[in-house]
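In: Model the following, please.
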Amino acid sequence: MEKIFVGIDVSKDYFDVCVLPRKEARRFRMTHIAEASTWLCEQNPVLVVMEATGGYERALWRALSERKLVVAVVNPKRTRDFAKAIGRLAKTDKIDAEVLALFGSRTDVRATLPPTVDDEDLEVLLGRHRQLTEMLTAEQNRLKQCPSEAVRARIEKHIVWLRSERDEVDGDLDKKLEQHKNKSDLLRLLDAVPGVGPLTCAALLIDLPELGRLNRREIAALVGVAPIAQDSGKRAGHRSIAGGRPTVRAALYMATLSASRWNPTIHDFYKRLVERGKPKKIALTACMRKLLTILNAMLKSRTEWQPLIHAKDSCC
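Out: Next up is the predicted model:
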């Protein structure tokens, strides 16, 4: 029997569906998700591929997963690069749906489970914390350059409100994490690691649900802290990191800065690298990868922070 792959291009009001290898195409309105789910079940696909579209795909993703269909939500950049590689330069909703189906049939795509309602609440709260932090930074910069005393007073008043609002959001986020039945135990494990604070814990648990489920190489590549080779012929290029999840990497960077001072395992590792002549930024990146692999090993084995044991496990 031929394997059926489905690509779905999602927009705000409707979504386009392509079924391969029959090349059958249909369009549904977002209000007709139930009808579309029933029709897709009848196609009996081995995989349904969608792009992450900023949240528009969530309702359809959840409905298809409830129908026991295997769904993969992928990075739009990967599928666009794939389209260029196979010569599909034109871009329409119908073409994009077909490209997604082809992407699923020709690449090794992993199925992804939709976030639960509790997970979505955590994502929104963490996103709001970041928005408030960005606004707070912007207002603080304006305050430094503002020549008007009257306007300065207004900016200072807004800064006070932003800090108060962010504190309330952080409190709600902490409560949600502690009450989350699947994340409260993981939070306790992560929070015990020197250098890893509450916001880093939240970023790891919310933005990196794969933590503790992959091996050390896979988790490092997923976050974007694995060195990428740039070799060709006799040329040995400079290794660098790229891609990954920037929000997780930013949180991990701040945690590593703290851990390089207060976490004995990371501190000693950083010191050894610098003494060998490694530039400090490269040494810090290596420490980010080491800290990540330690946390991954802890969550995989559900063991508490043990410096000597986890330092050894992260290097093997």
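In: where does the protein have low pLDDT?
Out: 1, 307-316 (pLDDT under 70).
In: Do you have the helices of it handy? List them.
Out: Ranges of helices in the chain, per DSSP state H, are 33-43, 58-66, 76-85, 93-106, 117-145, 149-179, 184-191, 198-207, 216-223, 246-262, 264-275, 280-301, 307-313.
In: Who's the closest spatial neighbour of residue 132, skipping the chain neighbours?
Out: Sequence neighbours aside, residue 166 is the residue nearest to residue 132 in space, at 4.3 Å (criterion: C-beta to C-beta, 6 or more residues apart in numbering). C-beta coordinates here come from the backbone N, C-alpha and C atoms, glycine included.
In: The one you found: neighbour count?
Out: By other C-beta atoms under 10 Å, 18 other residues sit near residue 166.
In: Skipping adjacent residues, who's closest to residue 88 in space?
Out: Nearest non-adjacent residue to residue 88 (C-beta to C-beta, 6+ apart): residue 99, at 5.5 Å.
In: show me what contacts that neighbour?
Out: 7, 79, 82-83, 86, 88 (C-beta atoms under 8 Å, 6 or more residues apart in numbering).
In: which of those tops the neighbour count?
Out: The contacts of residue 99, ranked by neighbours (other C-beta under 10 Å): first place residue 7, 28 neighbours.
In: Quick check: the gap between that residue and residue 25.
Out: Distance of residue 7 to residue 25, given as C-beta to C-beta, to the nearest Å: 10 Å.
In: Now the common contact residues for those two.
Out: Common neighbours of residue 7 and residue 25 (C-beta under 8 Å, 6+ apart) are 17-18, 97-98.
In: May I see the residues you listed arranged in CSV, with distance to residue 154 and neighbour count as well?
Out: What follows is the shared contacts of residue 7 and residue 25, written out as CSV (distance: C-beta to C-beta, whole Å; neighbours: other C-beta atoms under 10 Å):
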residue, distance to residue 154, neighbour count
17, 51, 24
18, 53, 25
97, 50, 26
98, 53, 21
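In: of all the residues you listed, which two lie farthest apart?
Out: 17 and 98 (9.9 Å; C-beta to C-beta).
In: between the two, what contacts are shared?
Out: 7, 25.
In: what's residue 299 in contact with, if anything?
Out: By C-beta under 8 Å, 6+ apart, residue 299 lies in contact with 186, 189-190, 211-212.
In: Most neighbours of all the residues you listed, which one?
Out: When neighbours are counted by other C-beta under 10 Å, residue 190 leads the contacts of residue 299 with 23 neighbours.
In: how close does that one sit to residue 249?
Out: 16 Å.
In: which residue packs closest to residue 109, ignoring adjacent ones?
Out: residue 72 (4.4 Å).
In: got the contact list for that neighbour?
Out: Counting by C-beta under 8 Å, 6+ apart, residue 72 has contacts 47-50, 104, 109-112.
In: From those, keep the buried residues only.
Out: 47-50, 104, 109, 112 (16 or more other C-beta atoms under 10 Å).
In: Reformat those as a markdown table; add distance to residue 157.
Out: As requested, the buried ones among the contacts of residue 72 are exported to a markdown table (distance: C-beta to C-beta, whole Å):
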| residue | distance to residue 157 |
| --- | --- |
| 47 | 54 |
| 48 | 50 |
| 49 | 49 |
| 50 | 44 |
| 104 | 53 |
| 109 | 50 |
| 112 | 44 |
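In: Quick check: the farthest pair among the residues you listed?
Out: Maximum distance among these (C-beta to C-beta): 12.2 Å, for 104 and 112.
In: quick one on the thing from earlier: just give me the closest of the contacts of residue 299 to residue 30.
Out: Distance to residue 30 across the contacts of residue 299 (C-beta to C-beta) is lowest for residue 211, with 32.0 Å.
In: Please determine how far that closest one is located from residue 301.
Out: Noted for residue 211: a distance of 13 Å to residue 301, by C-beta to C-beta.
In: Equivalent analysis for residue 172, please.
Out: Counting by C-beta to C-beta, the gap from residue 172 to residue 301 is 31 Å.
In: Which of the buried ones among the contacts of residue 72 fall in strands?
Out: Taking DSSP state E, the ones among the buried ones among the contacts of residue 72 that sit in strands are 47-50.
In: May I see the residues you listed arranged in TSV, with distance to residue 144 as well?
Out: Formatted as TSV, those follow (distance: C-beta to C-beta, whole Å):
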residue	distance to residue 144
47	53
48	51
49	48
50	44
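In: Relative to residue 36, which of the residues you listed is nearest.
Out: Using C-beta to C-beta, those come closest to residue 36 at residue 48, 10.8 Å.
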